[in-house]
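Trainee: turn this into a model:
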Amino acid sequence: MVKSLRSSLFLIALLLIPVSPRADASAGRVQRAEPPPKEEKAAPESAAATPEAKKPTHASQVVVLAYHRFVDNVRHPDTEITLKEFEEQMQQLKDAGITPISMDDFLAWKRGEREIPERAALITFDDGWRSQYTQAWPVLKKYGYPFTLFIYTDYVKGGPKAGGESMTWQELEQFRDAGVGIESHTVSHADLRGKRSQRGTPEYDAWLRNELEGSRKMLEQKLGIRVRALAVPYGYYNATVQEAAEKAGYEALFTVEGKRIDASTPSNAIGRYILQHQKPALFQAALKAVGGPGGEAPPAVAELTAIALSPSPDSTTKEARPAIRANLRPFGKITPDSLTMRISGLGLVQATYDATANTATHQPKADLPPGRYTVIVQATADGQRKEGRWEFTVAPHAPPPAAEKAVEDGTAPKKDEQTLDGDLP
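Mentor: Numbering: from 1, shown residues only. Have a look, this model is predicted:
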């Protein structure tokens, strides 16, 4: 019995001996006990949701710059600029302490979701000229500036309006892969307001929808991107265009009326400065708009008084050589030497300034072909660059008797010998 008691005590003692975690495998692997997990605090319900959006910082101001084509020899100063001028302007942005931002940052700021520098610039390029790829991009890489392309799809290589200077889809892919913003400039680069006689018709509505949705969808399908911004061709738009753009999925609509952009600027009317050859004052005005050198004086865009214009806005004239006259009183006190007038199809034309009447007049020296014309008048007034524009139509007109006789006699100049007022030297 004693022997049995001793055996029992021995077994009990054996069971009380602590077993090492490094026990022999034959006895089974023993896992080291883990310390109890720390008590985790319950995450707030909003942790998985999008952070609460902040309102756009009212101190932040943005200037939007727009460029078109880069050339060595400028022939169309309203849409062309030299690479030297462009690089100088990029340096001036740096010197002025103005920070270029991406379209993503700009739109997020407008939505109240992101902060941006207090003085910022949005650099944009229109149409899809290849010189933006070959000339402008290396400069922007040098400065590390983000930028955005506004593309009209008919002009991309292979499209119905493409030419030798068009960008290719492969080049657009390279831009995309580098993080460059790519947005819409419509399908065909037409005036989105359409002809007055067609406005409000089902045909016009379908055409406008295609211009807006067709471009966006093609860019998204070809490049695998999301398109959220639209630059309206020529800066022409109205309430119908704004409403259609919103329905087509655009978050922002860009125009050509240069001005300072802040948190209160409507997202469906964002003005851009269209930079031009040998127009340093225009770029300086853009810098001043966001407090650059020379102070803070954003240039205003004055609407010309409709009743004082000739031909009147959206009218049709039967005159082949109508006097084109603008009333400049809404501009204020202008600097006469700064006055310019441009007419679509003619370019920069000679305008006579009447200081007493405060008008600018151009008298065509040759018949204007029938069609729709846009007049753009610019001048510096009270230290600010101002602009006004309107449209009119020249109706088909029969040649005068003298011209008919010349045609019959064979003395009339051939069609390719007839000239219109063009760009001034």
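Trainee: can we go C-alpha only for contacts and neighbour counts from here?
Mentor: Noted.
Trainee: quick check: which ranges of the chain have low pLDDT?
Mentor: The chain contains residues with pLDDT under 70 at 1-58, 292-308, 397-425.
Trainee: where do the helices sit along it?
Mentor: Applying DSSP state H to the chain gives helices spanning 2-16, 83-95, 103-111, 131, 137-143, 169-177, 202-209, 215-223, 239-247, 280-289, 401-409.
Trainee: next up, the contacts around residue 116.
Mentor: Applying Cα atoms under 8 Å, 6 or more residues apart in numbering to residue 116 gives the contacts 57, 60, 101, 105, 106, 109.
Trainee: ok, back up a step: give me whichever of the helices of the chain is most buried.
Mentor: helix 280-289 (a mean of 21; mean count of other Cα atoms under 10 Å).
Trainee: give me the neighbour count for the spatially closest residue to residue 339 that is not a sequence neighbour.
Mentor: Excluding the flanking residues, the one nearest residue 339 by Cα to Cα, 6 or more residues apart in numbering is residue 379, at 4.4 Å. Residue 379 has 23 neighbouring residues, counting by other Cα atoms under 10 Å.
Trainee: partners of residue 379 in the sheet?
Mentor: Judged by DSSP bridges, the bridge partners of residue 379 are residue 386.
Trainee: quick one: it and residue 334 touch, right?
Mentor: Yes: in this structure, residue 379 is within contact of residue 334 by Cα atoms under 8 Å, at 6.4 Å.
Trainee: tally up the residues packed near residue 340, please.
Mentor: Applying other Cα under 10 Å, we find 19 residues neighbouring residue 340.
Trainee: what's the burial count for the closest residue to it other than its chain neighbours?
Mentor: Leaving aside its sequence neighbours, residue 340 sits nearest to residue 378 (Cα to Cα, 6+ apart; 5.3 Å). Using other Cα under 10 Å, the number of residues around residue 378 comes to 20.
Trainee: can I get stretch 319-330 in CSV? Just the C-alpha atoms.
Mentor: Written as CSV, here are the backbone C-alpha positions of stretch 319-330 (Å, rounded to 0.1, in the frame of the first residue of the first chain):
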residue,chain,number,x,y,z
GLU,A,319,-24.7,95.3,-96.8
ALA,A,320,-21.7,93.7,-98.3
ARG,A,321,-19.4,96.2,-96.6
PRO,A,322,-21.1,97.2,-93.4
ALA,A,323,-19.4,99.7,-91.1
ILE,A,324,-18.4,97.7,-88.0
ARG,A,325,-18.7,100.0,-85.0
ALA,A,326,-18.4,99.5,-81.3
ASN,A,327,-19.3,101.9,-78.5
LEU,A,328,-16.5,101.9,-76.0
ARG,A,329,-18.1,103.9,-73.2
PRO,A,330,-18.6,100.9,-71.0
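Trainee: which residue ranges of the stretch 1-150 of the chain form strands?
Mentor: Under the criterion DSSP state E, counting those that start in this stretch, the stretch 1-150 of the chain contains strands at 61-67, 69-70, 80-81, 99-100, 119-127, 148-151.
Trainee: output these in JSON lines; the columns should cover distance to residue 136.
Mentor: Listed next are the strands of the stretch 1-150 of the chain as JSON lines, based on distance: least, Cα to Cα, whole Å:
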{"stretch": "strand 61-67", "distance to residue 136": "10"}
{"stretch": "strand 69-70", "distance to residue 136": "7"}
{"stretch": "strand 80-81", "distance to residue 136": "11"}
{"stretch": "strand 99-100", "distance to residue 136": "15"}
{"stretch": "strand 119-127", "distance to residue 136": "10"}
{"stretch": "strand 148-151", "distance to residue 136": "12"}
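Trainee: closest to residue 190 out of those?
Mentor: For the strands of the stretch 1-150 of the chain, proximity to residue 190 was assessed by Cα to Cα; strand 119-127 is nearest, at 11.8 Å.
Trainee: quick check: the farthest pair among the contacts of residue 116?
Mentor: Using Cα to Cα, the pair of those lying farthest apart is 57 and 101, separated by 15.0 Å.
Trainee: distance to residue 392 for the helices of the chain - can I get that in a markdown table?
Mentor: Formatted as a markdown table, those follow (distance: least, Cα to Cα, whole Å):
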| stretch | distance to residue 392 |
| --- | --- |
| helix 2-16 | 106 |
| helix 83-95 | 34 |
| helix 103-111 | 35 |
| helix 131 | 33 |
| helix 137-143 | 38 |
| helix 169-177 | 37 |
| helix 202-209 | 20 |
| helix 215-223 | 28 |
| helix 239-247 | 20 |
| helix 280-289 | 27 |
| helix 401-409 | 25 |
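Trainee: out of those, nearest to residue 268?
Mentor: For residue 268, the closest of the helices of the chain is helix 239-247, at 6.4 Å, according to Cα to Cα.
Trainee: show residues contacting the closest one.
Mentor: 192, 193, 208, 209, 212, 230, 253, 268.
Trainee: how far away is residue 269 from residue 385?
Mentor: For residue 269, the distance to residue 385 equals 19 Å [Cα to Cα, to the nearest Å].
Trainee: quick one, which of the two is more surrounded?
Mentor: Using other Cα under 10 Å, the more surrounded residue of residue 269 and residue 385 is residue 385, with 24 against 20.
Trainee: thought that one was touching residue 378?
Mentor: Yes: Residue 385 lies in contact with residue 378 (Cα under 8 Å); the separation is 7.2 Å.
Trainee: residues in contact with residue 183?
Mentor: 148, 149, 150, 151, 216, 219, 227, 228, 229, 230.
Trainee: and it, bridged to which residues?
Mentor: Legend: beta-bridge partners of residue 183 under DSSP bridges are residue 150.
Trainee: same check on residue 341?
Mentor: Beta-bridge partners, per DSSP bridges, of residue 341: residue 349, residue 377.
Trainee: surely it touches residue 348?
Mentor: Yes: counting by Cα under 8 Å, residue 348 is a contact partner of residue 341 at 6.0 Å.
Trainee: coming back round to it: kindly reformat the contacts of helix 239-247 as TSV and extend each row with distance to residue 319.
Mentor: Formatted as TSV, the contacts of helix 239-247 follow (distance: Cα to Cα, whole Å):
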residue	distance to residue 319
192	27
193	25
208	31
209	35
212	35
230	37
253	36
268	37
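Trainee: of all those, which comes closest to residue 176?
Mentor: residue 230 (17.1 Å).
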